[in-house]
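Asker: pasting the structure only:
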């Protein structure tokens with residue numbers, strides 16, 4: 001029979017709380033996980049290890065039998081941590097090389113039509129005179145919960161990606177062996193408030209059914225701590241910070257309890273300790289609030305302020321709370337938090353000039369108007385999580401000069417937010433688009449509304465004290481309606497949420513939050529100049545400004561679409577026959593030309609057939625000229641990706657000071673992907689760094705010089721937290737044979753933090769070749785601060801705005817409107833000399849590569865070495881490549897894909913884990929647009 005234990009929303013930070021227990025660790029029977037204290041004095045256990053899964057078609061459907069401690073799970077699959085069914089199958093060796101070619105399609109899906117069991121055998125030492133609680137942190141799908149032969153929860157309640165439900169299992173748990181079993185039914189984003197990856201990639205064969213966040217076992221004394229958090233009110237000048245401490249004390253016993261709550265805040269030598277005596281009535285909860293009015297210590301003078309990494313440091317304070325009853329610790333909670341202020345506004349409307357009727361969303365961090373520059377983040381297709389993988393991804397984000405990741409649903413484990421706190425990377429969180437989340441509330445049952453409220457409460461309480469989380473979007477493509485919005489906002493209000501909440505990622509509104517001030521799109525190919533256009537024609541007539549191009553306003557998801565991986569990456573997931581489908585000349589006959597490609601995905605789109613390469617290859621063919629094989633295609637595709645991605649980020653930086661239509665932020669769609677992909681990513685699943693990566697890296701330089709494709713001006717931006725002085729900008733127009741046709745130079749005015757200035761507006765000189773180069777250099781005391789090379793045409797791209805806006809998710813070109821970059825095909829071979837050395841710094845290897853254009857030394861002409869790239873590889877003792885998949889990844893470069901004229905040189909530096917050399921010596925490979933492939937041995 002079904003029992004009805006205490007069920008309540010657990011308030012607190014997931015994976016961060018600790019509950020004191022007097023129990024001591026004991027030896028577990030074979031195959032059992034220990035749920036005794038994880039460390040002296042702690043009693044909250046993450047139930048991470050010891051899980052097994054099995055199909056109900058094999059194990060049957062009897063929860064009463066399967067959840068008994070004496071049940072023998074013979075033939076069940078062991079998993080290292082709670083995860084989806086598909087992740088568990090992969091962990092157990094099923095479906096090897098799942099992402100290679102179309103192997104994903106071969107997974108039999110009928111096996112996921114039935115329920116799957118998740119079972120944990122664990123050893124528990126219940127606390128005397130205390131309570132034991134099982135905390136469920138969401139289910140992907142729905143689940144019945146069984147403990148020691150008793151059904152504790154029904155799937156009607158136990159569902160939702162971010163639900164957090166607490167079950168008092170004290171009556172069922174026993175000293176010694178115990179068992180927990182979950183009967184999980186299929187995840188269905190169309191009917192449940194759950195996660196999916198939408199059109200980012202194909203759905204996982206199991207639709208991500210299973211567990212994503214580990215359940216927890218909490219053991220406490222007579223009084224439990226819940227909802228512990230810190231509110232802050234900071235002075236405008238950040239000279240003081242008033243902290244308010246809040247905690248709920250819950251008495252689960254039948255008699256009143258006298259409790260003593262101690263809360264301690266520490267950071268370095270700072271220590272604030274406050275103790276409060278409280279009487280908590282029987283079977284009730286008492287809120288304790290401590291303010292600076294009663295406790296002056298809670299006013300911090302000159303607090304350590306948290307900043308995004310480009311603007312300052314990331315100091316964190318630590319809160320430790322414990323409650324004692326009868327002199328013994330009954331419960332404990334710990335958490336880190338950062339002091340910072342986030343505000344937002346809609347930018348002022350200039351009548352007759354501002355494209356939007358209400359202005360655009362703008363965010364301020366500690367009073368600084370920050371241009372948000374980020375990417376959309378995706379989890380692994382099977383929701384697998386690796387802390388090291390996340391640290392590597394965040395190192396890429398910082399390497400690119402990005403300051404933000406957007407989470408459209410698909411919120412990761414708390415570890416990632418904690419890493420972002422420490423790294424100073426902002427998190428733009430929110431609910432995902434489409435699916436059940438964005439259906440009208442009239443289609444939601446009362447049970448679903450209750451589930452939505454639970455999930456909103458859990459998310460608000462989880463994320464509220466993470467300084468990296470600077471906003472929450474309650475809608476993506478749609479704003480919440482009048483009945484849905486209060487569900488979210490009441491939960492966030494109750495959680496004391498303190499950062500801006502926004503209605504939607506499109507230019508839409510909700511009754512209480514009002515106008516979002518955000519826009520989406522485009523999603524497919526546009527030329528570099530598209531981003532810089534900022535006239536009225538770029539706004540279109542769609543009142544949501546979807547796919548309204550150019551860099552103005554707050555773009556929450558946009559890019560030029562396809563990302564062509566490097567040859568190394570392609571060889572990892574596609575056989576030669578499928579690679580040919582990417583570059584075959586038949587793919588360049590129009591936006592819909594070429595075959596559907598599984599790894600482009602999606603196979604549907606209301607605007608164009610986005611699973612085909614025609615949308616990307618057609619403009620490339622017309623702008624750069626044709627290709628005849630993969631090698632020649634790669635040279636063009638990587639340059640094309642570099643130039644349009646660099647322009648996207650540069651334009652959003654460059655337009656940030658526009659008085660009528662300032663660009664306030666852009667989220668590149670996307671930063672990464674859940675699988676190896678040819679669509680929407682800055683870096684690939686394998687950490688591949690294609691041309692789009694290095695284009696974004698160039699645009700993200702801390703102090704940067706850039707070219708405005710639309711106006712022809714040269715701008716300099718200061719993205720650091722300090723003023724920049726003593727800079728000089730120069731621009732050289734160089735034709736294809738290396739002749740410098742014009743040089744302009746100007747002193748740069750002093751630049752405040754986040755400032756952007758136009759420093760030159762040079763005219764293209766007469767008589768220059770149809771395809772030409774523009775070399776920009778920013779120096780201080782004759783040292784290069786920023787260097788940026790463009791390949792341009794006297795025949796620029798011409799976008800037909802009337803056909804583009806509102807009618808397609810990429811650019812429609814006017815007849816004959818392609819820029820002429822075909823002159824690059826006629827470049828003579830360039831001679832380069834390369835030297836490299838490597839040193840160790842702790843666990844890292846640091847390789848420096850110096851590339852010199854040696855044309856004059858070899859008697860060559862003034863030919864530039866164009867788009868020259870270096871890669872670190874595992875080599876042999878005699879300085880050759882080892883062969884096969886020998887590329888070292890992940891790796892962080894200071895620059896790459898460089899263009900040099902005779903006599904010029906540039907030194908690139910790469911950092912990577914020394915262990916990734918796998919005992920081999922490093923070598924460096926060199927490739928380029930007109931540079932012969934070479935391998936260079938690396939010295940010490």
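Answerer: Yep, it's here. This one's a predicted model, so the numbers in the text were calculated from it and none came from an experiment.

Asker: in the stretch 501-650 of the chain, which spans are strands?
Answerer: 501-502, 509-510, 514-515, 518-520, 553-558 (DSSP state E, counting those that start in this stretch).

Asker: Out of the ones you listed, which gets nearest to residue 58?
Answerer: strand 553-558 (42.0 Å; C-beta to C-beta). From N, CA and C alone the C-beta is placed, and that goes for glycine too.

Asker: What is that closest one packed up against?
Answerer: Where contact means 3 or more C-beta pairs under 8 Å, 6 or more residues apart in numbering; DSSP states H and E, strand 553-558 is packed against strand 361-365, strand 404-408, strand 518-520, strand 663-668.

Asker: Export these to CSV and append columns for mean neighbour count, mean pLDDT and distance to residue 814.
Answerer: Output for the helices and strands packed on strand 553-558, formatted as CSV (neighbours: other C-beta atoms under 10 Å; pLDDT from 0 to 100; distance: least, C-beta to C-beta, whole Å):
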stretch, mean neighbour count, mean pLDDT, distance to residue 814
strand 361-365, 22, 98, 32
strand 404-408, 26, 98, 33
strand 518-520, 27, 95, 24
strand 663-668, 27, 98, 25
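
Asker: Closest to the centroid, which residue in the chain?
Answerer: In the chain, the centroid-proximal residue (C-alpha atoms, centre = their mean) is residue 377; its distance is 3.1 Å.

Asker: Rebuild the strands of the stretch 501-650 of the chain as a markdown table, extending it with distance to residue 116.
Answerer: Compiled in a markdown table, those are given as follows (distance: least, C-beta to C-beta, whole Å):
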| stretch | distance to residue 116 |
| --- | --- |
| strand 501-502 | 36 |
| strand 509-510 | 38 |
| strand 514-515 | 44 |
| strand 518-520 | 36 |
| strand 553-558 | 33 |
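
Asker: Let me know which of those strands is the nearest to residue 538.
Answerer: Residue 538 lies closest, by C-beta to C-beta, to one member of those: strand 553-558, at 10.2 Å.

Asker: Run through who's touching that closest one.
Answerer: Strand 553-558 has contacts (C-beta atoms under 8 Å, 6 or more residues apart in numbering) with 355-356, 360-362, 372, 376, 406, 408, 428, 473, 476, 505-506, 517-523, 545, 648, 652, 661-670.

Asker: Just want the angle from that strand to strand 361-365.
Answerer: On the basis of axes from the mean of the first three to the mean of the last three C-alpha atoms, to 10 degrees, strand 553-558 is oriented at 90 degrees to strand 361-365.

Asker: just how off-centre is strand 553-558 within its chain?
Answerer: 15 Å (C-alpha atoms, centre = their mean, to the nearest Å).

Asker: What of stretch 636-644?
Answerer: 23 Å.

Asker: average pLDDT for it?
Answerer: Across stretch 636-644, the average pLDDT comes to 98.

Asker: And for stretch 216-231?
Answerer: Summarised as a single mean, pLDDT over stretch 216-231 is 94.

Asker: Buried residues, that stretch. List them.
Answerer: 216-231 (16 or more other C-beta atoms under 10 Å).

Asker: What of stretch 131-144?
Answerer: In stretch 131-144, counting by 16+ other C-beta under 10 Å, buried: 131-144.

Asker: And stretch 142-159, by the same measure?
Answerer: Under 16+ other C-beta under 10 Å, the buried positions of stretch 142-159 are 142-153, 155, 157-159.

Asker: Identify those among those that sit within strands.
Answerer: 142-147, 150-153, 159 (DSSP state E).

Asker: Test my guess that residue 331 contacts residue 262.
Answerer: No - using C-beta atoms under 8 Å, residue 331 is not in contact with residue 262; the gap is 11.4 Å.

Asker: Residue 320: how many residues sit nearby?
Answerer: For residue 320, the tally of surrounding residues (other C-beta atoms under 10 Å) stands at 16.

Asker: for the helix or strand that contains it, packing partners?
Answerer: Assigned by DSSP states H and E, residue 320 belongs to strand 317-325. Packing contacts for strand 317-325, counted by 3+ C-beta pairs under 8 Å, 6+ apart, involve strand 223-234, strand 240-251, strand 257-267, strand 328-337.

Asker: Helices of this protein, start to end?
Answerer: Counting by DSSP state H, residue ranges of the helices within the chain are 56-59, 63-66, 85-91, 387-399, 414-423, 446-463, 485-494, 528-532, 567-573, 576-583, 614-624, 630-654, 691-699, 801-804.

Asker: Indicate which one of those helices is closest to residue 831.
Answerer: Going by C-beta to C-beta, the one of those nearest residue 831 is helix 630-654, 17.7 Å.

Asker: Enumerate the positions of that closest one that are buried.
Answerer: For helix 630-654, by 16+ other C-beta under 10 Å, it's 630, 633-654.

Asker: Ok, stretch 267-276 next?
Answerer: In terms of neighbour count (16+ other C-beta under 10 Å), stretch 267-276 has its buried residues at 267, 272, 274, 276.

Asker: Okay, and the beta partners of residue 887?
Answerer: Counting by DSSP bridges, residue 887 is bridged to residue 873.

Asker: isn't it right next to residue 570, touching?
Answerer: No - using C-beta under 8 Å, residue 887 is not in contact with residue 570; the gap is 11.9 Å.

Asker: Off-centre distance for stretch 829-843?
Answerer: 31 Å.

Asker: for stretch 204-221, that is, sorry about that
Answerer: 22 Å.

Asker: Over to stretch 743-763?
Answerer: For stretch 743-763, the distance to the chain centre is 33 Å (C-alpha atoms, centre = their mean).

Asker: Could you tell me the end-to-end distance of that stretch?
Answerer: One end of stretch 743-763 sits 10 Å from the other (C-alpha to C-alpha, to the nearest Å).

Asker: cool, and stretch 599-619?
Answerer: Using C-alpha to C-alpha, the two ends of stretch 599-619 sit 21 Å apart.

Asker: avg pLDDT for it?
Answerer: pLDDT averaged over stretch 599-619 gives 73.

Asker: Could you do stretch 851-870 as well?
Answerer: pLDDT averaged over stretch 851-870 gives 85.

Asker: Tell me how many other residues crowd residue 800.
Answerer: By the measure other C-beta under 10 Å, the count of residues near residue 800 is 15.

Asker: all strands of the stretch 751-900 of the chain, in order?
Answerer: 756-760, 771-780, 783-793, 832-841, 844-853, 865-874, 892-893, 898-900.

Asker: closest to residue 235 out of the ones you listed?
Answerer: Across those, closest to residue 235 is strand 756-760 (C-beta to C-beta), at 28.4 Å.

Asker: Lovely, talk soon.
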